[in-house]
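**Q** Predicted model, plus sequence, below.
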Amino acid sequence: MAVHLRILRKKMGITLEQLAGLTGLTKSYLSKVERGVSSPSIAVALKLAKALNAQAEELFSTEPLPLEGYSLVRRQPRGVSDGASAPAHVPLARHIGQRALLPFLVYPPRSFGHSAFKEHLGEEFIFVVRGRVEVDFGDERQTLDEGDALHFNAQKSHRLRTVSDEQAELLVVVHSTDA
């Protein structure tokens, strides 16, 4: 995300401080994201994308974005995370114009640690491809096994963690009219 965030920010001609003001995030945090020290959540990516007039998956992309009216993402360029600390978000679609579905592969960390609850506009759909995860809604927790699916209002505060021995892999589809 670091490369694309910096490019999009500079293309708009704004400073980290100005981007912080537009997103409600701290300048220090944004600097860490730009340097690749911190990996933002999907909720943060949505805020950044809105402020930069871009698509959220454009920020996560490691390659040029096609504009031919369809999106093809091959298996090889995608990275995989061990989920040791921060969750990894791998976009499964590239910019193809205005649309509201944002599909990602997500590799949740093994503990909540100091992970803040996330919330964003729209809906979220989670399908467990591999492993077992716990979804914490603050007042309730759900454990999902391989093959389980969960659909919820994404404005409900939530966070995820892997609870299986193997790293969990999730297909997460975010629907946002604000995308």
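**A** Arrived safely, thanks for sending.

**Q** in this structure, which spans are strands?
**A** Using DSSP state E, the strands of the chain run over residues 88-91, 101-107, 123-130, 133-136, 141-144, 149-153, 159-162, 169-175.

**Q** What separation do you get for the most centrally placed residue in the chain and Asp165?
**A** Nearest residue to the geometric centre of the chain (C-alpha atoms, centre = their mean): Ile42, 2.6 Å. Ile42 sits at a distance of 25 Å from Asp165 (criterion: C-beta to C-beta, to the nearest Å). All C-beta spots, glycine's among them, are computed from the backbone N, C-alpha and C.

**Q** Would you confirm that Leu52 contacts Leu8?
**A** Yes - using C-beta atoms under 8 Å, Leu52 is in contact with Leu8, at 4.5 Å.

**Q** what touches both of those two?
**A** Listed as contacting both Leu52 and Leu8 by C-beta atoms under 8 Å, 6 or more residues apart in numbering are Leu59.

**Q** between these two, which one's more packed in?
**A** Neighbours per residue (other C-beta atoms under 10 Å) separate Leu52 from Leu8, with Leu52 holding more: 22 against 19.

**Q** Now do the same for that one: its pLDDT.
**A** For Leu52, the pLDDT comes out at 86.

**Q** Next up, the contacts around Leu8.
**A** Leu8 neighbours (C-beta under 8 Å, 6+ apart): 52, 54, 58-59.

**Q** what about 6 Å?
**A** Counting by C-beta atoms under 6 Å, 6 or more residues apart in numbering, Leu8 touches 52, 54.

**Q** again with Ser41
**A** Contacts of Ser41 by C-beta under 6 Å, 6+ apart are Lys118.

**Q** again, only this time at 10 Å
**A** Counting by C-beta atoms under 10 Å, 6 or more residues apart in numbering, Ser41 touches 47, 86-87, 89, 106, 115-118, 120, 159-160.

**Q** Can you name the residues that contact the closest residue to Ser115 other than its chain neighbours?
**A** Sequence neighbours aside, Arg159 is the residue nearest to Ser115 in space, at 5.1 Å (criterion: C-beta to C-beta, 6 or more residues apart in numbering). Contacts for Arg159 (C-beta under 10 Å, 6+ apart) come out as 41, 87, 108-109, 112-113, 115-119, 134-138.
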